[in-house]
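**Q** based on what follows, work out the 3D shape:
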Amino acid sequence: MNRMSETGAVPVICNPAPPRPAIRLGTLLCCGSILAGLPSVAQAQEAPAAPVAQPAPAAAPRGDVIRTITVVGAERLEPTTILSYIRLRVGQEYTAAAADEAIKDLGATELFANSSIRNDGGNVVITVTENPVINRIVLEGNKRLKNDKIVPEIKLAPRQIFTRSKVRADVARIIELYKRQGRFAAKVEPKLVQLPQNRVDIVFEISEGPKSKVRQINILGNEKFSDGDLRGEMVTKQARLTSFFSSNTSYDPDRLAFDQQKLRQFYLTEGYADFRVVSAVAELTPDQRDFIITYVVEEGERYTFGDVKVDSQLRDFDSDVMSTQLPMQAGDFYNAKSVEDTVEQLTELAGRFGYAFADVQPRFNRDPENRKMNVTFVLREAPRVYVERVDINGNTLTQDKVVRREFRLAEGDAFNSLGVQRTTARINSLGYFQENFEVTQTEGSAPDRIILEANVEERPTGELQFSAGFSSIEQFILAGSIRQRNFRGRGQTIGLSLNYSQFSRSAQVSFSDPYIFDRNISGGIDIYRRDFNSFNFTGNDRNTTFQQATTGFSMRAGVPLTEYMSLVGSYTLNYDDVSLDENLFFSDIDGNGVRECDPLLAGRFLCDAIGERLSSIIGLSLNYNSLNSRVRPSRGKTISLSGEFAGLGGDVRYIRFRGRAQQFWNVGNSGFIFSVLAEGGTIIPLRERTGPGVDDVLLTDRFFLGEPQIRGFAIRGVGPRILTQTSQLDQLGQPVLDANGNITYFTDRNQVRDDAIGGRNYYLGRAELEIPLGTGARELGLRPSIWADVGALWGVETPVLTVNPGGTPIRNENGQPLFQVPGSTTTTTDATQPDGSPNIRLIQPNTNIRELFLGNSASPRVTAGVGVNWNSPFGPFRIDFAQTIRKVEGDDERRFTFNVGTQF
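**A** A predicted model of the protein is given here:
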């Protein structure tokens, strides 16, 4: 007993028994040893040796009863805990079989590196070596997959007991993770680093290997369609130089199963109702780098539609009438996608008529002999189900009410699948949660009850952006903004933006709330300062004409009228200051020492525009929006009708109306998106301005049209304009005359000064077809399109031109310009008569300048071309090549335009 105490053994007190001869037991094999073959890291202590197999204990003589059981070697575990793992008990008869079972029980716990049992005359001694405790887990060699991706897959953790089976399981999980990334050559080697106090570090040394590509896709059994056609329907692509940017060239077992479904869908849409994939095998190449996939298919015969009809069990729907409205007819090739679309359309139609529980089931009757597919759409009302409750989970920042108010169904409402679809679309449009969010449905407390769950995953909604770009319009552009789209989790938006370019500068602070005071009323306010430099073109050179500085604010509030329609009211107050460069456009016209705007230098239309004014504008707009996405719509339409009244105080009086409508269609199932747009507007002045040729609408309040509204024309390149032409001069500086003695002028657009003066009315139309590209191009964000634009701008008052056909002012000997009273030959230096009417400025007959007023026509301008949108790393990029089909004299064409860093 003293010797056992010295070795740390813990005896278990038991009933005394008569002494028996001691029988020596050999050590037993430990079944829970440390991972076999697990090497140690360099300079680390040697790993614990695997347990040594010992001969089974000799059979104890009959009648050898266990008197005591002692545990030796326990460090962290209590001896009583260790004894609870085995079935040996004091008072039992000791046998070799019982000892073997005890050793197996200890091994099954995976807590011990080694264990043995010996019997000394009924005194049983159990010797154990505990498995080490994990100190930390280290990953080495992982570059393609970061620690935050691998660590969640590892079940071992610090302060846990090391076990061989858990290490093997973690190795398998890490390798499986790499296989999902297409790296089938990945290897993981676990190693142990021995530490004091029976602790270890586990090091997973990872060799990631190259990404396994799909070298070849073979298809056997296809006769109706080529291998290339079928490969084009698959998501998985062959590794080629042209697919360098694609991520779908790697092997993925899940993608392989999905491609089989894609093949079946393709054949079903083409009428092959008996098509099936016999087998799909992926073989790893001998070098363990790539895969070769082989599909064996059986196409079958092509079917056509036979009898197609509707069997309506709803009161308001006539079966015969609805059968005639079906998109498919007898004799058409069978198309499973058309059947699915028809089911969806009939369900939506029934829902609009109040049948929220309509159930549409297609019933098929196949005729193999005649290769016909008879389809009957059974329309009936399903049993009613009610919403028991709405659960929202996972919203750590966003308040419940922000999500709940987007639900189109509430507790106690009758369940409606259309309402669920609309709810899903509205929550996705918030942009606060994960992509492809869906409302899930679970069973309620009764068969007619259902629970709707919104399991959301928050994502960042704050945006801090700094960007630089170059535009063919604005030259260099610098922009910075900070915005929070879910301020304090309330669904509010607050933002600050700054923009700077060569011809414009702006700063704006904005705030908006879609539900003011938790009511279904949206509101917002913008406070801004915008400095804009207007310009004209002399050839390709852009020249600043006037500067407009606008300081103001705008408030708006809106209420929904229906699910898709809303009414928005607004109020805007602007202070505008329009000025010209006095050094360029001002002169002492009357010779009295006062410099003022000179129409000869600036043009009368610019001289009329300068000054300070206050605009007080109220507006009202009616909006309809059924688009399926706010970012990139492919289905639905949007309509907007708006009116503005300027005159609630201030210096400006007018009424402005605008209308805009746009429709999107997803053409078939091919990825083509077709859209049309129609837009128009008019402005009606409510205050007359005196003077010949002076329009009642200020230059800064008029409409302007050109690129980017109508591609194929320069910015403000469509509509009324004044072209100032200079005469050709000879070597002596004198105007060149033609055969009739008239001055010849430069008419080349690159040598003419072009001033767009805007118009009162405009219309605009557009048709565009977006063309789908391959997977690699889609991943790069490339979206090409072909388009056609039409539009016009007109309605401005014909201005009084400064010089027409050409000339310079006649001055007296004192340098004062001379004027002539209309209807008289009297000359004077007064620009106006006593009643305020203007005198005519005298002009030299042979001079080198003339002005032309052109473009004031409602005749349509038509262009067509191709363009590409690219979501580049530098920001949205748009490039267009245009061809002008129809224009009006004076319009300024541009065949090529591009823009980087700004949103079109």
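
**Q** and the longest strand for the protein?
**A** Longest strand in the chain, counting residues (DSSP state E): strand 541-560.

**Q** elements contacting that one?
**A** Here strand 541-560 touches strand 522-538, strand 565-580, going by 3 or more CB pairs under 8 Å, 6 or more residues apart in numbering; DSSP states H and E. Placement of C-beta: from N, CA and C, glycine included.

**Q** quick one: work out the angle between the last one and strand 541-560.
**A** To tie it back to what came earlier, the one meant is strand 565-580. Between the axis of strand 565-580 and that of strand 541-560 there is an angle of 150 degrees, by axes from the mean of the first three to the mean of the last three CA atoms, to 10 degrees.

**Q** partners of strand 565-580 in the sheet?
**A** strand 541-560 (antiparallel), strand 611-625 (antiparallel) (DSSP bridges).

**Q** now do the strands in the stretch 351-500 of the chain.
**A** 358-367, 372-381, 386-393, 440-443, 449-455, 462-471, 475-487, 492-501 (DSSP state E, counting those that start in this stretch).

**Q** what average pLDDT does stretch 310-319 get?
**A** Per-region confidence: stretch 310-319 scores 85 on mean pLDDT.

**Q** likewise for stretch 380-389?
**A** Stretch 380-389 comes out at a mean pLDDT of 83.

**Q** which parts of it are buried?
**A** Neighbour counts over stretch 380-389 (16 or more other CB atoms under 10 Å) mark 385, 387, 388 as buried.

**Q** which residues of the stretch 301-450 of the chain score low on pLDDT?
**A** Residues of the stretch 301-450 of the chain meeting the criterion pLDDT under 70: 352, 354, 356.

**Q** and the helices in it?
**A** Along the stretch 301-450 of the chain, counting by DSSP state H, counting those that start in this stretch, helices occupy 319-324, 336-352, 400-404, 417-430.

**Q** pretty sure residue 452 is touching residue 404, no?
**A** No: counting by CB atoms under 8 Å, residue 452 stays clear of residue 404, with 10.5 Å between them.

**Q** looking at the two, which one has more neighbours?
**A** The neighbour count for residue 452 versus residue 404, taken as other CB atoms under 10 Å, is higher for residue 452 (24 against 12).

**Q** ok, that one - contacts?
**A** 387, 389, 390, 391, 407, 409, 420, 423, 439, 440, 441 (CB atoms under 8 Å, 6 or more residues apart in numbering).

**Q** before we move on, the earlier item: could you dump the strands of the stretch 351-500 of the chain into a markdown table and include distance to residue 175?
**A** Output for the strands of the stretch 351-500 of the chain, formatted as a markdown table (distance: least, CB to CB, whole Å):
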| stretch | distance to residue 175 |
| --- | --- |
| strand 358-367 | 45 |
| strand 372-381 | 47 |
| strand 386-393 | 33 |
| strand 440-443 | 32 |
| strand 449-455 | 30 |
| strand 462-471 | 38 |
| strand 475-487 | 40 |
| strand 492-501 | 46 |
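
**Q** for residue 751, find the nearest of those strands.
**A** Of all these, strand 475-487 sits nearest to residue 751, with 22.0 Å by CB to CB.

**Q** let me see the mean pLDDT of the closest one.
**A** What strand 475-487 shows for mean pLDDT is 76.

**Q** re earlier: what subset of the contacts of residue 452 is buried?
**A** Of the contacts of residue 452, these count as buried by 16+ other CB under 10 Å: 387, 390, 407, 409, 420, 423, 439.

**Q** Throw the helices of the stretch 301-450 of the chain into JSON lines and include distance to residue 161, thanks.
**A** Below are the helices of the stretch 301-450 of the chain laid out as JSON lines (distance: least, CB to CB, whole Å):
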{"stretch": "helix 319-324", "distance to residue 161": "69"}
{"stretch": "helix 336-352", "distance to residue 161": "55"}
{"stretch": "helix 400-404", "distance to residue 161": "42"}
{"stretch": "helix 417-430", "distance to residue 161": "45"}
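
**Q** residue 67 is nearest to which of these?
**A** helix 400-404 (67.5 Å).

**Q** ok, and what's touching that closest one?
**A** Residues from elsewhere that reach helix 400-404, judged by CB under 8 Å, 6+ apart: 390, 392, 395, 427, 430, 432, 454, 456, 486, 489-491, 518.

**Q** which parts of that helix are buried?
**A** By 16+ other CB under 10 Å, the buried positions in helix 400-404 come out as 402, 403.

**Q** gap between the two ends of stretch 663-675?
**A** Across stretch 663-675, the terminal residues are separated by 5 Å (CA to CA, to the nearest Å).

**Q** tell me the mean pLDDT for it?
**A** Mean predicted lDDT for stretch 663-675 stands at 83.

**Q** other residues contacting it?
**A** Contacts of stretch 663-675 (CB under 8 Å, 6+ apart): 269, 337, 627, 633-637, 662, 676, 766-772.

**Q** quick check: closest non-adjacent residue to residue 560.
**A** Distance criterion CB to CB, 6 or more residues apart in numbering; nearest residue to residue 560, sequence neighbours excluded, is residue 566 at 4.8 Å.

**Q** what's around the one you found, how many residues?
**A** Residue 566: 17 surrounding residues under other CB under 10 Å.

**Q** same question, residue 228
**A** Neighbourhood size, residue 228 [other CB under 10 Å]: 8.

**Q** okay, buried residues for the helix or strand harbouring it please.
**A** Taking DSSP states H and E as the definition, residue 228 sits inside helix 227-233. Buried residues in helix 227-233, defined by neighbour count with 16+ other CB under 10 Å: 230, 231.

**Q** rewinding a little: would you list the contacts of residue 452 in CSV and tack on distance to residue 301?
**A** Below are the contacts of residue 452 laid out as CSV (distance: CB to CB, whole Å):
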residue, distance to residue 301
387, 47
389, 51
390, 49
391, 49
407, 48
409, 45
420, 39
423, 43
439, 41
440, 40
441, 39
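
**Q** residue contacts, residue 454?
**A** 390, 391, 392, 393, 403, 407, 427, 437, 439, 440.

**Q** which among the helices and strands packed on strand 541-560 is found nearest to residue 74?
**A** strand 522-538 (70.2 Å).

**Q** quick one, strands of the stretch 201-350 of the chain?
**A** Counting by DSSP E, counting those that start in this stretch, the stretch 201-350 of the chain has strands at residues 213-220, 276-284, 290-298, 304-312.

**Q** restrict the third one to CA atoms and write it as CSV.
**A** The reference is to strand 290-298. Output in CSV follows, covering the C-alpha atoms of strand 290-298 (Å, rounded to 0.1, in the frame of the first residue of the first chain):
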residue,chain,number,x,y,z
ASP,A,290,-8.3,18.0,-64.7
PHE,A,291,-11.6,16.2,-65.2
ILE,A,292,-13.2,14.7,-68.3
ILE,A,293,-17.0,14.6,-68.1
THR,A,294,-19.0,12.2,-70.2
TYR,A,295,-22.8,12.3,-70.6
VAL,A,296,-24.8,9.5,-72.1
VAL,A,297,-28.2,10.7,-73.2
GLU,A,298,-31.3,9.2,-74.8
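
**Q** can you tell me what sits against it?
**A** Residues outside strand 290-298 that contact it (CB under 8 Å, 6+ apart) are 184, 212-222, 230, 236, 239, 251, 256, 260, 263, 274-285.
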